[in-house]
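Enquirer: starting from these lines, generate the structure:
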Amino acid sequence: MKGLSKLTGLMLILLGAPLLASAQPRLSLGSATGQTGGTASMALSLSGGTENYAGVTAKIVLPEGVTLSGVTRGALLSTGFTINSHGPSGTVIAYSDTGVFSASSGVLLTLDLYIGSEVAPGNYDVGFADRDKRSLVNSEHVLSNADGSVSVAHDTYAAPNNLVINKTYTSTLYVSANGNCGGKKPCYFTIQAAVNAASTGSVIMIAAGTYDENITLSADKSLTLIGSSTGATTLRKAPKAPKGSLILQMLTVKP
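Expert: Numbers count the residues shown, from 1 in each chain. Model prediction:
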């Protein structure tokens, strides 16, 4: 199928054309590791392919603060394939007017992810949108047959915790209202004292407890404040700081 007719066929798939009975190839998302404020790359792969395919569409569900910044062609796709992405979170499309991909397994697309500086370090799930969540035309996963007319029956897989986000800090400071930081140094009695001493890019780890302080960040620096757990570390007053200069994680602000 050539030219516009193939693209029209792909759009029919996205609008809900009948599925073609077939063996079950699988679309899967790989694992990735990145830093807050940085990038990560995740592979969208095919396995168990049994025929020729002309296109693929996948709606990806990303954690809050993680966005799709771009997509690149994988080894299974020739240069004849057009690739595209829509929106920061995150439909990816590949289709061809002239070619097909037929290998049984390999990488179709590599997703380029941007991790916002506000995202807490940890393990996150990146997966496929459910087929019954059809708020947009491109809100499901599609694997089209050789002429782009119907979607081949397939399944999807994404391992849990397949995105690991780390954070590299300039230095780490500790705060405990009773002065006991478990032997970790430097240890401060107040959050404000730690804020004053910290250099830009530092993290301040705050022990459980309630802190009734007037915390102010006036210097030109960026800091991260992390409590022991949400609900366990409470600030009686919201810190005052220039927008974007102070990141709060696992802290409760409650007058």
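Enquirer: list the buried ones in stretch 46-61?
Expert: By 16 or more other Cβ atoms under 10 Å, the buried positions in stretch 46-61 come out as 46, 49, 53-60. For glycine as for every other residue, the C-beta is placed from the backbone atoms N, C-alpha and C.
Enquirer: surely Thr82 is in a strand?
Expert: Yes: counting by DSSP: H, G, I helix; E, B strand; the rest coil, Thr82 is found in a strand.
Enquirer: now do the contacts for it.
Expert: For Thr82, the contact set (Cβ atoms under 8 Å, 6 or more residues apart in numbering) comprises 93-97.
Enquirer: is Val107 in contact with Val71, as I believe?
Expert: No: using Cβ atoms under 8 Å, Val107 makes no contact with Val71, being 11.6 Å away.
Enquirer: mind listing what's buried along stretch 34-50?
Expert: Quick answer for stretch 34-50 (16+ other Cβ under 10 Å): 34, 36, 40, 42-46, 49.
Enquirer: go on, stretch 196-207?
Expert: The neighbour-count check on stretch 196-207 (16+ other Cβ under 10 Å) flags 198, 202-207 as buried.
Enquirer: how about stretch 166-185?
Expert: In stretch 166-185, counting by 16+ other Cβ under 10 Å, buried: 167, 169, 173-177, 181.
Enquirer: and stretch 233-241, by the same measure?
Expert: Buried, per 16+ other Cβ under 10 Å, within stretch 233-241: 233-235, 239, 241.
Enquirer: in strands, which of the residues you listed appear?
Expert: 233-235 (DSSP state E).
Enquirer: out of the buried residues of stretch 196-207, who's nearest Gly80?
Expert: Val203 (48.0 Å; Cβ to Cβ).
Enquirer: surely the closest one and Ile226 touch.
Expert: Yes: taking contacts as Cβ under 8 Å, Val203 lies within contact range of Ile226: 6.1 Å.
Enquirer: looking at the buried residues of stretch 166-185, which has the smallest pLDDT value?
Expert: By pLDDT, Lys167 ranks lowest within the buried residues of stretch 166-185, coming in at 82.
Enquirer: the helix or strand hosting Met42: what's the following helix or strand?
Expert: Using DSSP states H and E, Met42 maps to strand 39-47. The C-terminal neighbour of strand 39-47 among helices and strands, as given by DSSP H and E, is strand 53-61.
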